[in-house]
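Asks: Return a 3D structure for these sequence lines:
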Amino acid sequence: MSFTNISKLNTRPLDILRGLVFYKEEIKILQERLEEVASKNNSFEARQGIEHFQNQLVMHRNNIDELKHKMNEFNDRLSKDAHLHGGRIDHERINEENTLIEEYEGLEKVIKEMRREFNAFLSKWM
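Replies: Numbers count the residues shown, from 1 in each chain. Below is the predicted model of the structure:
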(Lines give C-alpha, C1' and ligand atoms only; values in the text may rest on other atoms or scores of the structure.)
Protein backbone atom coordinates (compact mmCIF):
# COMPACT_ATOMS: atom_id res chain seq x y z
CA MET A 1 0.00 0.00 0.00
CA SER A 2 1.15 3.47 -0.84
CA PHE A 3 0.22 6.36 1.43
CA THR A 4 0.02 10.08 0.91
CA ASN A 5 -0.75 13.03 3.15
CA ILE A 6 -4.45 13.77 3.45
CA SER A 7 -3.73 17.35 2.41
CA LYS A 8 -3.27 16.03 -1.16
CA LEU A 9 -7.05 15.75 -1.38
CA ASN A 10 -9.04 18.85 -2.12
CA THR A 11 -12.31 20.10 -0.68
CA ARG A 12 -14.25 18.85 -3.68
CA PRO A 13 -16.05 16.04 -1.75
CA LEU A 14 -17.62 18.62 0.56
CA ASP A 15 -18.62 20.73 -2.42
CA ILE A 16 -20.19 17.67 -4.02
CA LEU A 17 -22.24 16.90 -0.91
CA ARG A 18 -23.50 20.49 -0.87
CA GLY A 19 -24.28 20.24 -4.59
CA LEU A 20 -26.23 17.04 -4.06
CA VAL A 21 -28.34 18.72 -1.37
CA PHE A 22 -28.99 21.60 -3.79
CA TYR A 23 -30.07 19.29 -6.60
CA LYS A 24 -32.28 17.25 -4.28
CA GLU A 25 -34.08 20.46 -3.28
CA GLU A 26 -34.34 21.50 -6.91
CA ILE A 27 -35.94 18.15 -7.76
CA LYS A 28 -38.61 18.87 -5.12
CA ILE A 29 -39.32 22.25 -6.68
CA LEU A 30 -39.52 20.75 -10.18
CA GLN A 31 -41.90 18.09 -8.86
CA GLU A 32 -44.17 20.81 -7.48
CA ARG A 33 -44.15 22.60 -10.83
CA LEU A 34 -44.94 19.33 -12.60
CA GLU A 35 -47.89 18.72 -10.28
CA GLU A 36 -49.14 22.20 -11.12
CA VAL A 37 -48.98 21.42 -14.84
CA ALA A 38 -50.74 18.09 -14.24
CA SER A 39 -53.58 19.80 -12.40
CA LYS A 40 -54.15 22.25 -15.27
CA ASN A 41 -53.66 20.02 -18.33
CA ASN A 42 -55.17 16.67 -19.16
CA SER A 43 -54.46 16.35 -22.87
CA PHE A 44 -52.72 13.21 -24.07
CA GLU A 45 -49.62 15.15 -25.12
CA ALA A 46 -49.36 16.92 -21.77
CA ARG A 47 -49.82 13.64 -19.87
CA GLN A 48 -47.03 12.04 -21.89
CA GLY A 49 -44.68 14.88 -20.96
CA ILE A 50 -45.78 14.76 -17.35
CA GLU A 51 -45.11 11.04 -17.14
CA HIS A 52 -41.74 11.45 -18.84
CA PHE A 53 -40.62 14.11 -16.36
CA GLN A 54 -42.03 12.22 -13.37
CA ASN A 55 -39.82 9.31 -14.39
CA GLN A 56 -36.86 11.62 -14.89
CA LEU A 57 -37.30 13.20 -11.46
CA VAL A 58 -37.54 9.81 -9.74
CA MET A 59 -34.44 8.60 -11.56
CA HIS A 60 -32.45 11.73 -10.69
CA ARG A 61 -33.57 11.60 -7.06
CA ASN A 62 -32.36 7.99 -6.86
CA ASN A 63 -29.06 8.87 -8.55
CA ILE A 64 -28.52 11.72 -6.10
CA ASP A 65 -29.22 9.44 -3.13
CA GLU A 66 -26.88 6.79 -4.50
CA LEU A 67 -24.03 9.25 -5.08
CA LYS A 68 -24.57 10.81 -1.66
CA HIS A 69 -24.26 7.34 -0.13
CA LYS A 70 -21.03 6.73 -2.05
CA MET A 71 -19.68 10.11 -0.90
CA ASN A 72 -20.48 9.35 2.73
CA GLU A 73 -18.78 5.96 2.48
CA PHE A 74 -15.76 7.62 0.87
CA ASN A 75 -15.58 10.19 3.66
CA ASP A 76 -15.76 7.39 6.24
CA ARG A 77 -12.86 5.56 4.56
CA LEU A 78 -10.86 8.80 4.50
CA SER A 79 -11.46 9.38 8.16
CA LYS A 80 -10.50 5.82 9.10
CA ASP A 81 -7.36 5.94 6.95
CA ALA A 82 -6.26 9.25 8.41
CA HIS A 83 -6.92 8.02 11.95
CA LEU A 84 -5.12 4.70 11.47
CA HIS A 85 -2.13 6.12 9.62
CA GLY A 86 -1.43 9.41 11.38
CA GLY A 87 -2.96 11.81 8.88
CA ARG A 88 -1.94 9.76 5.87
CA ILE A 89 -4.33 8.02 3.52
CA ASP A 90 -4.07 5.16 1.06
CA HIS A 91 -3.07 6.62 -2.30
CA GLU A 92 -6.05 4.78 -3.82
CA ARG A 93 -8.34 7.31 -2.11
CA ILE A 94 -7.18 9.97 -4.58
CA ASN A 95 -8.31 7.74 -7.44
CA GLU A 96 -11.63 7.15 -5.66
CA GLU A 97 -12.05 10.88 -5.20
CA ASN A 98 -11.43 11.52 -8.89
CA THR A 99 -13.95 8.84 -9.86
CA LEU A 100 -16.58 10.38 -7.56
CA ILE A 101 -15.89 13.85 -8.94
CA GLU A 102 -16.38 12.55 -12.48
CA GLU A 103 -19.60 10.81 -11.46
CA TYR A 104 -20.90 14.02 -9.88
CA GLU A 105 -19.99 16.09 -12.93
CA GLY A 106 -21.83 13.61 -15.15
CA LEU A 107 -24.88 13.71 -12.90
CA GLU A 108 -24.78 17.49 -12.84
CA LYS A 109 -24.61 17.64 -16.64
CA VAL A 110 -27.60 15.31 -17.04
CA ILE A 111 -29.68 17.21 -14.47
CA LYS A 112 -28.92 20.53 -16.17
CA GLU A 113 -30.00 19.11 -19.53
CA MET A 114 -33.20 17.72 -18.01
CA ARG A 115 -33.87 21.12 -16.40
CA ARG A 116 -33.50 22.81 -19.79
CA GLU A 117 -35.97 20.35 -21.37
CA PHE A 118 -38.29 20.71 -18.38
CA ASN A 119 -38.35 24.50 -18.70
CA ALA A 120 -39.22 24.18 -22.39
CA PHE A 121 -42.04 21.80 -21.41
CA LEU A 122 -43.28 24.25 -18.77
CA SER A 123 -43.29 27.14 -21.20
CA LYS A 124 -45.54 25.11 -23.48
CA TRP A 125 -48.02 23.95 -20.84
CA MET A 126 -48.14 26.71 -18.21
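Asks: give me the number of residues near Asn62?
Replies: 10 (other Cβ atoms under 10 Å). To be clear about C-beta, it is placed using only N, CA and C from the backbone, and glycine gets the same treatment.
Asks: I'd like to know which elements the helix ranked longest in the chain is packed against.
Replies: Longest helix in the chain, counting residues (DSSP state H): helix 44-84. Packed against helix 44-84 by the contact rule (3 or more Cβ pairs under 8 Å, 6 or more residues apart in numbering; DSSP states H and E) you find helix 12-40, strand 88-90, helix 92-125.
Asks: let's see 10 Å
Replies: Counting contacts by 3 or more Cβ pairs under 10 Å, 6 or more residues apart in numbering; DSSP states H and E, helix 44-84 is packed against strand 3-5, helix 12-40, strand 88-90, helix 92-125.
Asks: And the third one, what does it pack against?
Replies: With contacts taken as 3+ Cβ pairs under 10 Å, 6+ apart, strand 88-90 sits against strand 3-5, helix 44-84, helix 92-125.
Asks: Go again with 8 Å.
Replies: By 3+ Cβ pairs under 8 Å, 6+ apart, strand 88-90 packs against strand 3-5, helix 44-84.
Asks: cool, the last one as well?
Replies: The helices and strands touching helix 92-125, judged by 3+ Cβ pairs under 8 Å, 6+ apart, are helix 12-40, helix 44-84.
Asks: Adding mean pLDDT as columns, could you present the ones you listed in CSV?
Replies: Converted to CSV, these look like this (pLDDT from 0 to 100):
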stretch, mean pLDDT
helix 12-40, 94
helix 44-84, 93
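Asks: and those as TSV, adding distance to Asp90?
Replies: Output for the helices and strands packed on helix 92-125, formatted as TSV (distance: least, Cβ to Cβ, whole Å):
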stretch	distance to Asp90
helix 12-40	15
helix 44-84	5
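Asks: Which among the ones you listed is found nearest to Leu122?
Replies: helix 12-40 (6.2 Å; Cβ to Cβ).
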